Structure formats: structure tokens, C-alpha cells
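*Asks:* give me coordinates for this.
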Amino acid sequence: MVRVSRVVLDEFLDLVSSGSSLTSAAATVGASRQGGTRWWRDHAGMKLQVGRIGGGIDRPSPGEVAGSRFLSVAERRVIQFGLRQGLSYARIGAELGRDRTVVYREVMRNRGPDGTYHGGVADVSAHQRRRRPKPFKLLTNPGLCRRIERWMDQGWSPKLIASTLAQDAGTDQTGRVSHETIYQALYVQARGSLRADLARKLSLKRRERSRTGSRRASPSPYKDAFTISERPPEVADRAVPGHWEGDLIVGPGSKSAIGTLVERQTRFVILLHLPGGHTADEVADAMIREMRRLPEHLRQTITWDRGTELAQYRRIQLALDTKLFFADPHSPWQRGSNENTNRLLRFWFEKGTDLSAHTAQDLRRVAATLNSRPRPTLDYDTPATRLNRLLTEAA
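*Replies:* Numbering: from 1, shown residues only. Next comes the predicted model:
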């Protein structure tokens, strides 16, 4: 096998790391595509973007600003040069104005499969590692979650729990979490698997995490909520029942409203009576009241428009043991079943009319009428028949 010179190899690796395709970089240094592929595999090891012509890096690193907490590509090239000159980590660190441990960790993390360090390749590797989503520690360690839950049930603070875990775990990083991680799992429901009621065990019993040093006048009630992109894939294909879409149909001047919920698989409709108004508390009360009549397996998720009427989504999730997902702003097609249902409901609840005039009995009658209507999407079955079948099978 012909050995490639270090100069040629460096030029090739620099070209690919800066965004050139593998084929183009190989041709530039006078090598075949097969040779370039072998060089990249042996000295870089990162996967290339398959769909790109000639193969290449998916989103090359933009480089970091010198002096930031992340190493810049220029600093990584200094490390590369220093290592080839036989300099120690301490000497290279002194040249960069960084601690020697920073240089050591950089080399250990980003050296190639052959054990050599190349600044351009290392920069791309570090950039891609930062981009890749990392699993939240408590999501992957149910045993650790149970320990934290037991201590919180006894009134322990997250700070005390984190300190105790650190002492017990020693050097085992998998057995410890910071107190901030615990707070995130409690207040940001997408970030952990601790019981939803544990936030009430905290001494201050806040509903949201309060951070020191900064205040926002009007924090968004949805900043920690689940988005539709986080919704389980089985919801989209309607393969599993128990997933709902919801919204309000509103009267003139937004002075009256009726809540609408439709189950995605069966198209079964539930209407929420809101005689006093449609504040977040009133909508939450009505939704909890109506959906509690369903068995647990038929209230798995709810997808709603991002309106202020659902600002009490945390209370709804806790009361119904369900998960609420919010559609993207101005994206009604993400709740297609609900939008179509609202259009059908306008036959009874015409636009421009006062919706508060309808009683709870009126709403039950309309819902029953719509649920007994054959639907082409159900092979001319009715939503009521489909839902009753699910209830019978579960019994």
C-alpha cells in the first residue's frame, strides 16, 4: 500500500473539514475517490452526508470566536502543531492561555481513529457533538429517579439530594445529578421522568422555577410545554386510540365560546360548556370534568392550539394523567381533525351568534347527533360505534 505524505493528507483533511466534498478534495490532492474515502475513514472516522454529491460534512463547523469557552479552529491548529513538535500539554496550554487539562481533554476527545490529532477534523468533530441531541440523564436512569422521588416524598430539597448522591456515587458520574437537573425534571416536564406531583413537595411550592438575577414581565405560559414535534409518532398515523385534538369556537368579540375535542382515530366529539367565559381556569375545569369520564387508555394525549385559554395545561395534565402538546403558531393543519369538526359544528353554532345561549344539554344533544353521523373516513361507520367498540374491547 502506498504511503501518503503528511502534507498531502493534511491538505485533504483540511479541504473536507472546511466543507469540500470528499470527491473534490481527493481530486485536488491528486488522489482517487476510493483513496480519499480510506484516508477519511482511517484518520477522521466521522460519517459523511450520504445524500450529498461526492459525500461531505453535514454543516461544517463555523469556527468559534477566539477567547470563548469553546476552542476555536485556530487554537486547535496550534494544538496540532505543538503535538507534532513534541511539546507537552502544559506548554501548548501556555501558548493558548488555557489550562493544560483543556488541551489534554481536547486531544483525548477529538483525536482520530489512528490516534493522531488534526485541528480541522477535531473542530468538526466537536461541532457535531455539540449539535447532537443528548438524552437527559433522568430519562435514561429510572433507578435514579426512584431514589430522588423517595427522598422528595420525605421533604428533602433538590440541593440536599444532589449533595447526597455526589457523596454516595464518588467517581461514578452516572449515579449523580445536579440540583438544577432535578429542578428541570420537576418544572420542565419534557426533561425527566419524575412524578408530576413532586413539585408540590418543595418548600416554596412554586408552580414554576424562579431564577435569580433576572425577571421577565410576562413570561410565556408555554415555554416549558410539549410541542407537537415531541408528540409520539403513533399519534400521527392514528394507529392507537386515545389521542385528542382541541380548540375553541368563539362568538362575536370573543365574548362567548364552546370548547371542542375530537378523538383522532374514532372522530368522537366532546363539547365543553363554558357559560361563564373561556379563561384558562374555566377551560381547564370543563376539560377535566368531561374527560375524567373516559377510561385512562382513552386520554393519552391532547393537542391544542397555542391560545391563552390553555395556560393551565399543567393542571390538566396532572388531573387527567395525560400529556398536552401544542401546535406551532398559525398552523391549523396540524390539528386537521379538530378544524374539520369545528367546521361541521358551525351548522348548529353559526358564526356571529352568541354561543353562551346554548345550554349544557344543547351541547350534549349536538355532540350525540354528530357522533351518530356516518363518516366516509370510517368506512361509513359512526364515531359513537367506533368508541363503543373500544370501550367494549377494554372491558
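
*Asks:* quick one: the strands in the protein?
*Replies:* 226-227, 243-250, 257-263, 269-273, 301-304, 323-326 (DSSP state E).

*Asks:* can I get those strands in JSON lines including mean neighbour count, mean pLDDT and distance to Leu387?
*Replies:* Backbone N, C-alpha and C define where each C-beta goes, glycine included. Rendered in JSON lines, the data for those read as follows (neighbours: other CB atoms under 10 Å; pLDDT from 0 to 100; distance: least, CB to CB, whole Å):
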{"stretch": "strand 226-227", "mean neighbour count": "16", "mean pLDDT": "84", "distance to Leu387": "25"}
{"stretch": "strand 243-250", "mean neighbour count": "23", "mean pLDDT": "94", "distance to Leu387": "12"}
{"stretch": "strand 257-263", "mean neighbour count": "23", "mean pLDDT": "96", "distance to Leu387": "7"}
{"stretch": "strand 269-273", "mean neighbour count": "23", "mean pLDDT": "97", "distance to Leu387": "10"}
{"stretch": "strand 301-304", "mean neighbour count": "23", "mean pLDDT": "93", "distance to Leu387": "16"}
{"stretch": "strand 323-326", "mean neighbour count": "22", "mean pLDDT": "91", "distance to Leu387": "21"}
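
*Asks:* can you redo the ones you listed as CSV with distance to Gly120?
*Replies:* Listed next are the strands of the chain as CSV, based on distance: least, CB to CB, whole Å:
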stretch, distance to Gly120
strand 226-227, 36
strand 243-250, 47
strand 257-263, 54
strand 269-273, 59
strand 301-304, 44
strand 323-326, 41
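
*Asks:* so this protein: which segments form each domain?
*Replies:* For the chain, automatic domain parsing gives the domain ranges 73-131, 137-201, 226-394.

*Asks:* pick out the shakiest of those domains, pLDDT-wise.
*Replies:* Mean pLDDT per stretch puts domain 137-201 lowest among the domains of the chain, at a mean of 73.

*Asks:* residues contacting Leu320?
*Replies:* Met287, Ile288, Met291, Arg292, Arg299 (CB atoms under 8 Å, 6 or more residues apart in numbering).

*Asks:* ugh, wrong one, Leu324
*Replies:* By CB under 8 Å, 6+ apart, the contact list for Leu324 reads Ala225, Phe226, Thr301, Ile302, Thr303, Trp304, Leu310, Tyr313, Ile316, Gln317.

*Asks:* name the nearest residue to the second one, ignoring sequence neighbours.
*Replies:* In this case it means Phe226. Among residues not flanking Phe226 along the chain, Phe325 sits closest, at 4.6 Å (CB to CB, 6 or more residues apart in numbering).

*Asks:* next: the last one.
*Replies:* If the residues on either side of it in the chain are set aside, Gln317 comes closest to Leu324, at 5.5 Å by CB to CB, 6+ apart.

*Asks:* endpoints of stretch 288-307, how far apart?
*Replies:* 18 Å (CA to CA, to the nearest Å).

*Asks:* buried residues in it, which are they?
*Replies:* For stretch 288-307, a neighbour-count test (16 or more other CB atoms under 10 Å) marks Glu290, Met291, Leu294, Leu298, Arg299, Gln300, Thr301, Ile302, Thr303, Trp304, Asp305, Arg306 as buried.

*Asks:* any idea which of these is closest to Pro374?
*Replies:* Nearest to Pro374 among the buried residues of stretch 288-307 is Leu298, at 21.5 Å by CB to CB.

*Asks:* gap between the closest one and Asn141?
*Replies:* 31 Å (CB to CB, to the nearest Å).

*Asks:* thought Val262 was touching Glu245?
*Replies:* Yes. In this structure Val262 lies within contact range of Glu245 using CB atoms under 8 Å: 5.5 Å.

*Asks:* overlap of the contact sets of the two?
*Replies:* Ser337, Asn338.

*Asks:* redo the domains of the chain as a markdown table? Include distance to Ser24.
*Replies:* Shown next, in a markdown table, are the domains of the chain (distance: least, CB to CB, whole Å):
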| stretch | distance to Ser24 |
| --- | --- |
| domain 73-131 | 15 |
| domain 137-201 | 40 |
| domain 226-394 | 35 |
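
*Asks:* which parts of the stretch 201-350 of the chain are helices?
*Replies:* With DSSP state H, counting those that start in this stretch, the ranges of helices along the stretch 201-350 of the chain come out as 233-236, 280-291, 313-320, 336-345.
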